[in-house]
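# Attaching a predicted model along with its sequence, questions to come.
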Number of protein chains: 2
Amino acid sequence: MGNTEKNETNQRIIEAARHVFAERGYAGSRMQEIADAAGVNKGLLTYYDWSKQKLFEAVFADALEQFFGHLDAIIEADMPLINRLESLVDKYVDLLLANPSLPGFVLSEINQNPAFFQEKVQSQQKVPDLSRLLVQIQIAGQTGQIHPIDPFQLLMNVISMCVFPFAGRPMIKGMTGIDDNSFNHLMRQRKAAIMAFVQRALRPD
Amino acid sequence: MGNTEKNETNQRIIEAARHVFAERGYAGSRMQEIADAAGVNKGLLTYYDWSKQKLFEAVFADALEQFFGHLDAIIEADMPLINRLESLVDKYVDLLLANPSLPGFVLSEINQNPAFFQEKVQSQQKVPDLSRLLVQIQIAGQTGQIHPIDPFQLLMNVISMCVFPFAGRPMIKGMTGIDDNSFNHLMRQRKAAIMAFVQRALRPD
DNA sequence: GTCTATAGGTAGATAGAC
DNA sequence: GTCTATCTACCTATAGAC
């Protein structure tokens, strides 16, 4: 991934690749379409030393970084469980509002090539360590701060509620007939809706 | 070798296509791999009048039917809201346990080809009408059966919590290192976990 | 019904002109 | 740096042998 110098044309190629790969997936993308989207000739992709595989790895590594990177910061910070969950929902939905195609892209590619993701997990630290958060949930249950709950299931609940609507965005848009603006509006409302839901479910008897 | 054999071979082709398309997506699938998975020669695909597109449409229509079909039955039935939600979670997680690759497949293809899904929605009744359920949630809130909640957000919460872990199954398996058996065990526990969570969140003050 | 061989088309990559 | 032309490999589909 050494091709990230400031060359403007090269940046346009990377941006175009990000867009095309996110829309069509790796297998469905064509170098010709990436070149067209970048407004450059296909031959230039070779000139800038990009193969399809290299372009994808650059774009996908970046997507994984975005998808998981924000979690780390939230998990490392020192705050009470409810605030941490609130911060997670707030920041995560904001991230997805700014990058609505991210979940669909990442989930599709991981589904279609689990081995590639497995490598990333083992070789690098692209994937956050959730154990601290899981322990905090366990303790909060034991000390009566929240109603006791299986930490894994709570975390899965919160992440599911944040991410799924974006992963299923074209489905939701298709079924309800709403446009991008209405969808975004619903998702901004959703931040408060999720937290209200979680807080009611967690509040001690 | 009579008609029975012909049907049997054709059936093996369809099953193989279901498997390969679910794993690799439309663009990443190869007719050769489908033939191999079916244990037949590639030329037979033409003999049984299958093009790649035809095979995919057959398999995908079936997947949509499974993904949405069960919702209809639950929505049509006449029961109190909480029971209906419980029935939805119970039946839906069971369906996904039996077909774990279904969400990843359906969501990937809809993301990569929204127009195709849009057609299905408009032309046919493959997609359930959720309005009855939304109205029931609204009324339950107004009559004090449950704590008032935006019906869309509640429905999104419940569906997200059921479907997302399966859509992200390779990711979850990769991050936690668990195998299929452990994953299935967690998802079976999850049915009760989701309903307990929802019921606590919805219970009136 | 099933196989082999191949036609026809397309996509990734690159050499070489400018 | 950018474009045109082309090479090579692969993929869908099918004709024809058995």
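On my side now, so go ahead.
# can you tell me which helix or strand the most centrally placed residue in chain A belongs to?
Taking C-alpha atoms, centre = their mean, the centroid of chain A lies closest to A:Phe67, which sits 3.0 Å from it. When secondary structure is defined by DSSP states H and E, A:Phe67 falls within helix A:52-76.
# how about the CA coordinates for the host helix or strand of A:Val20, as CSV?
Using DSSP H and E, the element containing A:Val20 is helix A:8-28. Only the C-alpha atoms of helix A:8-28 are listed here, as CSV (Å, rounded to 0.1, in the frame of the first residue of the first chain):
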residue,chain,number,x,y,z
GLU,A,8,-4.2,13.8,-7.9
THR,A,9,-4.9,11.3,-10.6
ASN,A,10,-3.8,8.4,-8.4
GLN,A,11,-6.2,9.7,-5.7
ARG,A,12,-9.0,9.8,-8.2
ILE,A,13,-8.3,6.2,-9.1
ILE,A,14,-8.5,5.1,-5.5
GLU,A,15,-11.7,7.0,-4.9
ALA,A,16,-13.2,5.5,-8.0
ALA,A,17,-12.2,2.1,-6.9
ARG,A,18,-13.7,2.6,-3.5
HIS,A,19,-17.0,3.6,-5.2
VAL,A,20,-17.1,0.8,-7.7
PHE,A,21,-16.0,-2.0,-5.4
ALA,A,22,-18.5,-0.8,-2.8
GLU,A,23,-21.3,-0.9,-5.3
ARG,A,24,-20.5,-4.1,-7.3
GLY,A,25,-18.3,-6.1,-5.0
TYR,A,26,-14.9,-7.4,-6.0
ALA,A,27,-16.1,-10.1,-8.4
GLY,A,28,-18.6,-7.8,-10.1
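# Tell me which other helices or strands that helix touches.
helix A:31-38, helix A:43-47, helix A:52-76, helix A:102-112, helix B:3-28, helix B:102-112 (3 or more C-beta pairs under 8 Å, 6 or more residues apart in numbering or on different chains; DSSP states H and E). Where you see a C-beta, it was placed from the backbone N, CA and C, and this is true even at glycine.
# Establish whether the next helix or strand after the third one and chain B are in contact.
Counting by DSSP H and E, the element after helix A:52-76 in chain order, helix or strand, is helix A:81-98. No: among the residues of helix A:81-98, none lie within reach of chain B under C-beta under 8 Å from any C-beta of the partner chain; the closest is 12.0 Å away.
# list the buried ones in helix A:81-98?
Along helix A:81-98, the positions that meet the burial threshold by neighbour count (16 or more other C-beta atoms under 10 Å in any protein chain shown) are A:81-82, A:84-86, A:88-93, A:95-96.
# Point out the residues in chain A that sit beside DNA strand D.
Among all residues of chain A, those adjacent to DNA strand D (criterion: C-beta under 7 Å from any atom of the strand) are A:7, A:9, A:40-44, A:47.
# Show me how to select, in ChimeraX, the buried members of those.
The following ChimeraX command selects only the buried members of those, with burial defined by 16+ other C-beta under 10 Å:
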select /A:40
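# so which of the residues of chain A next to DNA strand D comes closest to chain B?
A:Lys42 (19.2 Å; C-beta to the nearest C-beta).
# Please tell me I have it right and that closest one contacts A:Ala35.
Yes: in terms of C-beta atoms under 8 Å, A:Lys42 counts as a neighbour of A:Ala35; the distance is 4.2 Å.
# mind listing what A:Pro142 touches?
Quick fix: residue A:142 is Gln, not Pro. The contact partners of A:Gln142, by C-beta atoms under 8 Å, 6 or more residues apart in numbering or on different chains, come to A:Pro148.
# and if you look at A:Glu86?
For A:Glu86, the set of contacting residues under the criterion of C-beta under 8 Å, 6+ apart consists of A:Met195.
# And the pLDDT at it?
In this model, A:Glu86 is scored at 95, pLDDT.
# Same question for the one 3 residues further on.
We note a pLDDT of 96 for A:Val89 in this prediction.
# domain parsing for chain A?
If you go by automatic domain parsing, the domain ranges for chain A are A:1-50, A:66-202.
# deepest of those domains, which one?
Comparing the domains of chain A by mean neighbour count (mean count of other C-beta atoms under 10 Å in any protein chain shown), domain A:66-202 comes out on top with a mean of 18.
# hmm, back to that, let's have the helices and strands packed on helix A:8-28 in CSV, adding distance to B:Pro170.
Below are the helices and strands packed on helix A:8-28 laid out as CSV (distance: least, C-beta to C-beta, whole Å):
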stretch, distance to B:Pro170
helix A:31-38, 26
helix A:43-47, 30
helix A:52-76, 13
helix A:102-112, 5
helix B:3-28, 11
helix B:102-112, 8
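# Mean pLDDT and distance to B:Phe166 added to those helices, as TSV?
Conversion of those to TSV gives the following (pLDDT from 0 to 100; distance: least, C-beta to C-beta, whole Å):
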stretch	mean pLDDT	distance to B:Phe166
helix A:31-38	98	31
helix A:43-47	97	37
helix A:52-76	91	18
helix A:102-112	98	10
helix B:3-28	89	12
helix B:102-112	98	5
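# Quick one: the ones you listed as TSV, columns for distance to DNA strand C too.
Formatted as TSV, the helices and strands packed on helix A:8-28 follow (distance: least, C-beta to the nearest atom of the strand, whole Å):
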stretch	distance to DNA strand C
helix A:31-38	4
helix A:43-47	3
helix A:52-76	4
helix A:102-112	15
helix B:3-28	2
helix B:102-112	15
